[in-house]
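[1] Here is my input, please return the structure:
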Amino acid sequence: MKLKIRDMEAENDKVVEKDYPDVLDITIEAGEEEDNQLLTCIVGDAQLLVGLVSSYRHDRELVDFNLAKSEAAKLHEAIEKKQLDHDDVVWIMTTRNFFQLRATFVCYKQSYEVAIDQAINSSGNGDLGSILRGVILCIVSPEKHFAEVIRASTIGYWTKDEDSLTRVIVTRAEIDMTKIKEEYFKMNNTNLDDVVRRDASGVYKSFLMALIGEKI
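    Numbers count the residues shown, from 1 in each chain. As a prediction, the model looks like this:
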């Protein structure tokens with residue numbers, strides 16, 4: 001069984017409030033268990049996901065730097081203790097707006113001399129750590145996040161994951177596709193349009209190429 005919580009964008013599955021352009025692409029693999037066991041999976045390691053897709057965030061560009069410093073310390077303590085499901089982590093990540101969270105991440109790096117996503121990665125926090133790193137990357141640098149999603153969907157010859165490739169290109173075409181293409185090139189030393197030409201075909205290829213602003 002597979003549950004996909006794909007988009008943190010109002011016009012895509014109504015996952016979170018409108019006004020938030022960032023998209024979170026997370027898949028929870030729940031195996032072949034019964035439906036009621038899926039709830040256990042979500043409430044356990046993926047408790048953070050429930051808050052991410054159900055909470056309300058104010059979108060005002062107001063930042064409290066004292067609060068950012070304080071909450072950076074709380075996040076650091078939770079990471080050090082490998083307690084990413086701690087109430088403080090869930091509260092901070094699911095209620096603070098993106099401007100406040102970015103300030104918190106900056107304070108984290110200034111205080112502990114390591115980016116918060118790197119700290120999580122070094123602490124080896126398993127699936128929940130991977131989820132949280134994805135969330136942070138999407139908040140801090142959405143274009144890099146989507147470039148990585150595209151890369152993962154097009155590894156090798158022929159597209160491995162058409163759904164992810166299509167979703168990113170369709171939802172980001174009029175938002176930040178130029179930046180995504182730049183990030184993709186930095187990562188792979190290859191143009192995104194060349195990959196689409198190689199992997200896609202027919203009407204599907206024409207559709208994608210038009211959205212990324214390239215000729216066939």
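[2] Just the strands from the protein, written as ranges.
    Secondary structure of the chain by DSSP state E: the strands cover 2-5, 26-29.
[3] Can you pull out the low-pLDDT segments for the chain?
    For the chain, applying pLDDT under 70 flags the ranges 1-60, 125, 156-160, 215-216.
[4] repeat that for 50
    1-44 (pLDDT under 50).
[5] my read: residue 116 touches residue 109, true?
    Yes: with contact defined as Cβ atoms under 8 Å, residue 116 counts as touching residue 109 (7.0 Å). For the C-beta atoms, the positions are set from N, CA and C on the backbone; glycine is no exception.
[6] okay, those two: which has more neighbours?
    residue 116 (23 against 15; other Cβ atoms under 10 Å).
[7] Quick one: the helices in this protein, in order.
    Secondary structure of the chain (DSSP state H): helices at 35-43, 47-54, 65-80, 87-95, 98-112, 116-123, 126-140, 142-153, 162-172, 177-188, 192-199, 202-211.
[8] ok now do residue 115, which residues does it touch?
    Contacts for residue 115 (Cβ atoms under 8 Å, 6 or more residues apart in numbering) come out as 105, 108-109.
[9] now, which of those sits nearest residue 144?
    Among those, residue 105 lies closest to residue 144 (Cβ to Cβ), at 13.9 Å.
[10] so which of the contacts of residue 115 would you say is closest to residue 176?
    Using Cβ to Cβ, residue 105 is the member of the contacts of residue 115 that sits closest to residue 176, with 19.3 Å.
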